[in-house]
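Student: Got a predicted structure plus its sequence, pasted below:
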Amino acid sequence: MVRTVPPTLHSRFLFSLQTNREAKLEMRTGDQALVKELNKSIVLNTLRQHAPISRADIAKITGLNKATVSTLVDELLKEHLVREIGMGASRGGRRPRLLILNDRAAIVVGAEIGVDSLTVVVQDLLGRPIWRKHHRFGTVPEPEPALQHLARLISEGISHFPDVPLGLRGIGVGIPGLVDFDQGVLLYAPNLGWRDVRIREWLEERFAVPVKVDNEANAGAVAEHWSGAAVGIEDVVYFSVGIGVGAGIILRGELMRGVGGMAGEIGHTTIDVTGPACACGNRGCLEVFASEAALRRHFAQSAAAQAGSDSPNANEPVSVADIARAADAGNAAAIAALNNVARYLGVGVANAINTFNPQRVVIGGPLALGGAYILNPVRQVIEERALVPPRLQTNIVIAAHGLAGCAIGAGAIVLQDLFRLPTVSSS
């Protein structure tokens, strides 16, 4: 089985997603160990962002002198965090040796606890999935059996990587509901019926590595920002649309959590004050009109009105994928259902554009399987309802990571912490 190691490598395994100019550091005079740790983190961060790269180019980008970079790189090579991959092109002198981050130096695990399923991915240090598994429950599970099954899947996944030099570095979990991110506690998940589940504590006791627990929409947003449809975009709103509707909001490159860590519950904004009851206790929530349940309801109504069509049986459970395939085959009931739900979703997206003025809106979750049948009506509603200046600045796209986005993003949240620059205090 892969080795697990404590969260200290040289201090706590380096790194940050922050750029060098964004890092706000107060240097303690004479503390060379901390300065060295900071410099080593900067070198690793530069490698992650710019590899393959030479020692000389690292020095140019970071402002560190060449001797310091050379010493730090030699140490990182010995620590298995960096690899040499060959020679670069000559610029008039000797050809430089090119360096890359050793993406297989360590692994992290990302997981999604869904309403009726579990997804687990093992990821390398660049956040790329190198193993994944999906398990579907017959019914909505209770917390303890669900966590036990999750632990079995995690153990199975990491067992495939016994020779990773630095072992398992952490586990991230995304889950629909209100999450206390700092404590790793699921406070309430209305669609699961769970309350006050101490997920972080449960997993840390069993795997002895740091565990991060976050709302699934936040995890999906981080996935797209880290390696998906929003790489390099500073201001992003990610919509997770499935059994529920949530939003992960990234402003100036940082996830917006709010004072209690529960920002982004856009599915529970009211769009019809006299509308149907929602599971949260409110009425007329966006989630009532723009979720999987709403899609199935509209499809059943449309299919019943078009009896004898080539659609799936409206009396049987159907998935978003089933309805999307029927739409691709030209089924009018499926197309009408997707269009109806997408227009309601478009109202939520227009509200987000008017509120946050993002550069990009990413639509993810199961409803994104509808592709253009979702995207085009959403864009049409934006033209009708969003203010002109912000809507012209916003690009709306489908998520790149598909149904694995939450799990991939949960692992990326762990990587964000591992890559974060150390803070040096003057006190």
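Tutor: Received it, and whenever you're ready, just let me know what you need. Numbers count the residues shown, from 1 in each chain.

Student: Flag the shaky bits of the stretch 101-250 of the chain, pLDDT-wise.
Tutor: Scanning the stretch 101-250 of the chain for pLDDT under 70 picks out no residues.

Student: what are the ranges of the helices in it?
Tutor: 143-158, 199-207, 216-227 (DSSP state H, counting those that start in this stretch).

Student: Report the residue ranges of every domain in the protein.
Tutor: 107-222+407-416, 233-399 (automatic domain parsing).

Student: which of those is buried the deepest?
Tutor: domain 107-222+407-416 (a mean of 21; mean count of other Cβ atoms under 10 Å). C-beta coordinates here come from the backbone N, C-alpha and C atoms, glycine included.

Student: Could you list every helix and strand in contact with the longest helix anywhere in the chain?
Tutor: The longest helix of the chain (DSSP state H) is helix 332-356. Helices and strands touching helix 332-356, by 3 or more Cβ pairs under 8 Å, 6 or more residues apart in numbering; DSSP states H and E, are strand 236-241, strand 245-251, helix 286-289, helix 292-305, helix 320-328, strand 360-364, helix 372-385, helix 388-392.

Student: mind exporting stretch 259-278 as PDB, just the C-alpha atoms?
Tutor: Taking C-alpha atoms only, stretch 259-278 is exported to PDB below (Å, rounded to 0.1, in the frame of the first residue of the first chain):
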ATOM      1  CA  VAL A 259     -18.200  34.900   6.300                       C
ATOM      2  CA  GLY A 260     -19.400  31.400   7.200                       C
ATOM      3  CA  GLY A 261     -17.900  29.600   4.300                       C
ATOM      4  CA  MET A 262     -21.300  29.100   2.600                       C
ATOM      5  CA  ALA A 263     -21.300  31.600  -0.300                       C
ATOM      6  CA  GLY A 264     -22.700  30.400  -3.600                       C
ATOM      7  CA  GLU A 265     -26.000  28.800  -2.700                       C
ATOM      8  CA  ILE A 266     -27.500  30.400  -5.800                       C
ATOM      9  CA  GLY A 267     -30.000  27.500  -6.200                       C
ATOM     10  CA  HIS A 268     -31.800  28.800  -3.200                       C
ATOM     11  CA  THR A 269     -32.300  32.300  -4.500                       C
ATOM     12  CA  THR A 270     -35.900  33.100  -5.200                       C
ATOM     13  CA  ILE A 271     -37.000  33.500  -8.800                       C
ATOM     14  CA  ASP A 272     -40.800  33.100  -8.200                       C
ATOM     15  CA  VAL A 273     -42.100  34.300  -4.800                       C
ATOM     16  CA  THR A 274     -45.300  32.200  -5.100                       C
ATOM     17  CA  GLY A 275     -43.500  29.200  -6.700                       C
ATOM     18  CA  PRO A 276     -43.500  25.600  -5.600                       C
ATOM     19  CA  ALA A 277     -41.900  24.500  -2.300                       C
ATOM     20  CA  CYS A 278     -38.200  23.700  -2.200                       C
END
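
Student: Give the rounded mean pLDDT of that stretch.
Tutor: For stretch 259-278, mean pLDDT is 93.

Student: any chance of the helices of the stretch 101-250 of the chain in CSV, with distance to residue 109 too?
Tutor: Listed next are the helices of the stretch 101-250 of the chain as CSV, based on distance: least, Cβ to Cβ, whole Å:
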stretch, distance to residue 109
helix 143-158, 5
helix 199-207, 8
helix 216-227, 13
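
Student: between the ones you listed, which gets nearest to residue 367?
Tutor: helix 216-227 (12.3 Å; Cβ to Cβ).

Student: May I have that closest one exported as PDB, CA atoms only?
Tutor: Coordinates of each C-alpha in helix 216-227 appear next as PDB, following Å, rounded to 0.1, in the frame of the first residue of the first chain:
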ATOM      1  CA  GLU A 216     -19.300  20.400  -4.500                       C
ATOM      2  CA  ALA A 217     -19.900  23.600  -6.500                       C
ATOM      3  CA  ASN A 218     -16.700  25.100  -5.000                       C
ATOM      4  CA  ALA A 219     -14.800  22.000  -5.800                       C
ATOM      5  CA  GLY A 220     -16.100  22.100  -9.400                       C
ATOM      6  CA  ALA A 221     -15.100  25.700  -9.700                       C
ATOM      7  CA  VAL A 222     -11.600  24.900  -8.500                       C
ATOM      8  CA  ALA A 223     -11.300  22.000 -11.000                       C
ATOM      9  CA  GLU A 224     -12.200  24.300 -14.000                       C
ATOM     10  CA  HIS A 225      -9.900  27.100 -12.700                       C
ATOM     11  CA  TRP A 226      -7.000  24.700 -12.000                       C
ATOM     12  CA  SER A 227      -7.100  22.600 -15.200                       C
END
